[in-house]
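Asker: What shape does this take:
(one chain, ligands or ions: 2)
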Amino acid sequence: MISFADAYNLVLEHSQNYGTETVSLKKAIGRVLADDIFADRDFPPYDRATKDGIAINYNAIENGRIAFNIKAIVAAGQRTYKFLEEDHCVEIMTGAVVPFEADTVVMYEDITIEHGIANLNKKTQRGQNIHYKGSDKKKGELVINKDTKITAAEIGVLASVGKSVVKVKKLPGIAVISTGNELVEVEDHPLPHQIRKSNSYALFAALDEEHIVPLLLHLSDDKDMIRQKLSYVIQEMDVVLLSGGVSKGKFDFIPKILDELGVEKVFHGVLQRPGKPFWFGVHRNTKTVIFSFPGNPISTFANYHIYFKHWLQKSLGLPIPNVVVFLEEGISIKGSMTRFLGVKIRWVNGLLKAKLVKDNGSGDLTSLSRSDGFIKLTPRDVPYTIDEKVTFISTRTLF
Ligand code: AMP
Ligand code: MG
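Answerer: Ligands and ions are numbered 1, 2, ... in the order given. Got it, this is the predicted structure:
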């Protein structure tokens, strides 16, 4: 059995590149940009009025003028007024193009208009209330780096530079497979010896947050059926997330069948709790990556976030988060197992504090909905102390 650190590094070493694809701008949210994005024109593209008022040439003020003949009204979306003379002004609206000859905008609040003449009521500065052409970005300048996860903010920027379609990283095709004869459908009324499938739904939902729609399958603990279906799935999919059937039980057939099907085992079993019987491998020919999680719902859920999520982030060229939290209580962790303990998080003076969630051992599925994630604790002789900083793996969006 290998250490958690080795297992984690091995999983990340097997990250893959699934290439790129083009999606429409409206579908690009949550995807990862595959190209750098450049300004297709100056931003702003013209000298833009930032207030409603009048546009003038400041030289006139320097020459003692405070009253200006209004020559025109310039609205946003309209060509601007040309050949503005020094004793003249135009009324100008926010977003409109400032006339070439003008260099200053005075807002309506600071002027009085009478009989077609605007009088200045306040001291004015040259250049005020104008957002100058190219002052944000010049045409051709980088506006978004590739490998950025696209949020609503990037959608706005992409739209402004004319990207109606966007080149993004392709997401892997994923199968989520539950195994076990005891499992029945959610809508079923389980017999006393049966339980409802929950892992596939939890994984489906977690992948949904990554914009991945997986293929869902269930396998009973039957060697031939497992062999036949897994063989198909390995050919068709980039990644397989299995739950159950990887421990030492008489009906835990998965590792042997994966081996027979040509999947090269990278490791089986990790010195960690929960999630110890985790099996990880890659198919020799298809390079399909197999995450075979132990069936215990906490183990599947924890290992998905600890391993798969970071593997996916690396595969898509995203940085892997390193979040730390401060313990609200002391904990002693001895032995050889790296522990992942469910915690509730709260902010205290700008720091994230973690309080252990009481559960009934690692099979207590309901504790997942009371926790925000797991803290990672490496075994050591001295206890972890209150306010000690530890690594946190989030299982929900915290802010
Ligand atoms: P296994 O890893 O197959 O030995 O399963 C370990 C425990 O997790 C058993 O109690 C199973 O009934 C349970 N289990 C396995 N798969 C699932 C699943 N998809 N949903 C809920 N519980 C499961
Ligand atoms: Mg099982």
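
Asker: Give me every residue in the stretch 151-300 of the chain lying close to ligand 1.
Answerer: Proximity of the stretch 151-300 of the chain to ligand 1, by Cβ under 6 Å from any ligand atom, involves residues 178, 180, 182-183, 195, 197-200, 243-245, 247, 249, 294-297. For glycine as for every other residue, the C-beta is placed from the backbone atoms N, C-alpha and C.

Asker: one more time with 5 Å
Answerer: Selection of the stretch 151-300 of the chain residues close to ligand 1 by Cβ under 5 Å from any ligand atom yields 178, 180, 182, 197-199, 243-245, 247, 294-297.

Asker: among those residues, which are in helices?
Answerer: Using DSSP state H, 199, 297 are the members of those that sit in helices.

Asker: and the residues of the stretch 151-300 of the chain next to ligand 1 as JSON lines, adding neighbour count?
Answerer: As requested, these are exported to JSON lines (neighbours: other Cβ atoms under 10 Å):
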{"residue": "178", "neighbour count": "22"}
{"residue": "180", "neighbour count": "20"}
{"residue": "182", "neighbour count": "15"}
{"residue": "197", "neighbour count": "20"}
{"residue": "198", "neighbour count": "17"}
{"residue": "199", "neighbour count": "27"}
{"residue": "243", "neighbour count": "30"}
{"residue": "244", "neighbour count": "29"}
{"residue": "245", "neighbour count": "25"}
{"residue": "247", "neighbour count": "17"}
{"residue": "294", "neighbour count": "26"}
{"residue": "295", "neighbour count": "22"}
{"residue": "296", "neighbour count": "23"}
{"residue": "297", "neighbour count": "24"}
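
Asker: hey, C-alpha coordinates of the longest helix along the chain in CSV?
Answerer: Ranked by residue count, the top helix of the chain under DSSP H comes out as helix 223-236. As requested, C-alpha coordinates have been extracted for helix 223-236 and formatted as CSV (Å, rounded to 0.1, in the frame of the first residue of the first chain):
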residue,chain,number,x,y,z
LYS,A,223,-18.0,-11.1,-13.4
ASP,A,224,-19.2,-11.6,-17.0
MET,A,225,-21.5,-8.6,-17.0
ILE,A,226,-18.8,-6.4,-15.5
ARG,A,227,-16.3,-7.6,-18.0
GLN,A,228,-18.6,-7.1,-21.0
LYS,A,229,-19.8,-3.6,-20.0
LEU,A,230,-16.4,-2.3,-18.7
SER,A,231,-14.8,-3.4,-22.0
TYR,A,232,-17.3,-1.4,-23.9
VAL,A,233,-17.0,1.7,-21.7
ILE,A,234,-13.2,1.6,-21.7
GLN,A,235,-13.3,1.7,-25.5
GLU,A,236,-15.8,4.6,-25.7
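
Asker: can you list the residues of the protein near ligand 2?
Answerer: Along the chain, the residues adjacent to ligand 2 under the rule Cβ under 5 Å from the ion are 180, 244-245, 295.

Asker: Among these, which lie within strands?
Answerer: Among the residues of the chain next to ligand 2, no member falls in strands (DSSP state E).

Asker: so where's this protein uncertain?
Answerer: 362 (pLDDT under 70).

Asker: let's go with 80 and repeat that
Answerer: Applying pLDDT under 80 to the chain picks out residues 360-363, 399.

Asker: which residue of it sits farthest from its center?
Answerer: The centre of the chain is farthest from one residue, residue 115, which by Cα atoms, centre = their mean lies 57.7 Å away.

Asker: re the thing from before, which outside residues touch the longest helix of the chain?
Answerer: 173, 175, 177, 179, 215, 217, 219, 240, 245, 253-254, 257-258, 260-263, 283, 286, 288, 290 (Cβ atoms under 8 Å, 6 or more residues apart in numbering).

Asker: what ranges do the helices span in the stretch 151-300 of the chain?
Answerer: 152-160, 199-208, 223-236, 254-260, 297-303 (DSSP state H, counting those that start in this stretch).

Asker: Show me what the second one is packed against.
Answerer: Under the contact definition 3 or more Cβ pairs under 8 Å, 6 or more residues apart in numbering; DSSP states H and E, helix 199-208 sits against strand 174-179, strand 215-219, strand 239-243, helix 297-303.
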